[in-house]
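Visitor: predicted structure and sequence below. I'll ask about it afterward.
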Amino acid sequence: QVLLVESGGGLVQAGGSLRLSCAASGRTFSTYAYTMGWGWFRQAPGKEREFVASIRWSNGRSNYADSVKGRFTISRDNAKNTAYLQMNSLKPEDTALYFCAAGRVSGDSEEYSYWGQGTQVTVSS
């Protein structure tokens, strides 16, 4: 059974930073699969889940939603089976429950096979 556990969420003032982590256990993911990797998504109250960023296990190629480009950075440590999301210059509109996922890299949440339970990020103005 694969388990993804996010951590690092919390309350921060606008302009501040947070670093989210997502650790996987129960399975070592193949880092040779070109189309596979990590994704981060978020869901604000009353809104649908939206794509934030993704990164391939094989070559580290990343992709970002326009709303976070230049402020967020996704990274991974294949040896530790862990993904990270560094969030800088946070805005109140970044407030959401953040989820990590593992599977086929895409902006579509349906492509991911494994999901964490989420970590709350709240940005005060």
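Guide: Happy to help now that I have it.
Visitor: who's the residue at minimal distance from the centre of the chain bridged to?
Guide: Centroid-nearest residue in the chain, with Cα atoms, centre = their mean: Trp40, separated by 2.4 Å. Taking DSSP bridges as the rule, Trp40 bridges to Ala53, Cys100.
Visitor: so who does it touch?
Guide: The contact partners of Trp40, taken as Cβ atoms under 8 Å, 6 or more residues apart in numbering, are Leu20, Cys22, Val52, Ala53, Ser54, Ile74, Ala83, Leu85, Tyr98, Phe99, Cys100, Ala101. C-beta here means a position set from N, CA and C on the backbone, and glycine is covered the same way.
Visitor: ok, the fifth one touching Ser109?
Guide: No - in this structure, Ser54 sits apart from Ser109 without contact. The criterion is Cβ atoms under 8 Å, and the distance is 10.7 Å.
Visitor: between the two, which contacts overlap?
Guide: Common neighbours of Ser54 and Ser109 (Cβ under 8 Å, 6+ apart) are Gly39.
Visitor: gap between the residue nearest to the centre of the chain and Glu6?
Guide: Using Cβ to Cβ, to the nearest Å, Trp40 is found at 9 Å from Glu6.
Visitor: likewise for Ala14?
Guide: Where Glu6 is concerned, Ala14 sits at a distance of 22 Å (Cβ to Cβ).
Visitor: cool, and Asp108?
Guide: Taking Cβ to Cβ, one finds Asp108 at 20 Å from Glu6.
Visitor: looking at those two, which one has more neighbours?
Guide: Each of Asp108 and Glu6 has its neighbours counted (other Cβ atoms under 10 Å); Glu6 has more, 22 against 10.
Visitor: show me what that one is bridged to.
Guide: Cys22.
Visitor: quick check, it in contact with Cys100.
Guide: Yes - between Glu6 and Cys100 there is a contact under Cβ under 8 Å: 5.3 Å.
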